[in-house]
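In: Just need the structure, nothing else, for what follows:
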Amino acid sequence: MNRVPKLSDYIETAAADFLRETGRVELDARWIAEFFQDSGVAEAYPRQDLVAFSVLVEKALAKHAERAGKQARLHLDRIAKIGKKPPRA
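Out: Purely as a prediction, here's the structure:
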């Protein structure tokens, strides 16, 4: 029996694929429409609206960007702390 992926799985996949392919967090309308059709979202969830789906993907992209920003700030803080250590005698 084939299991239909959850809608949230499609959303996360779309966000990750878009970010990896484009490096941007501003969702492209043509890209998401193509993903919606080609990935099987339209078939698996026939009542799902493309516009509503794209809004959910945009939210996921924002979360990915926020997490990446936090990680970058943590790494910069660690680097700054390393640079402040007194020299060894």
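
In: Any stretches of this structure with poor pLDDT?
Out: Along the chain, the model assigns pLDDT under 70 to residues 1-2, 85-89.

In: where do the helices sit along it?
Out: Using DSSP state H, the helices of the chain run over 7-22, 29-38, 41-44, 50-84.

In: Turn those into CSV, including mean neighbour count.
Out: Bear in mind the C-beta positions are built from the backbone N, C-alpha and C, glycine included. Shown next, in CSV, are those (neighbours: other CB atoms under 10 Å):
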stretch, mean neighbour count
helix 7-22, 16
helix 29-38, 14
helix 41-44, 15
helix 50-84, 13
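
In: thought residue 7 was touching residue 48?
Out: Yes: at 6.8 Å, residue 7 counts as touching residue 48 under the criterion of CB atoms under 8 Å.

In: intersection of neighbour lists for these two?
Out: residue 41 (CB atoms under 8 Å, 6 or more residues apart in numbering).

In: Please list all residues in contact with residue 17.
Out: residue 35.
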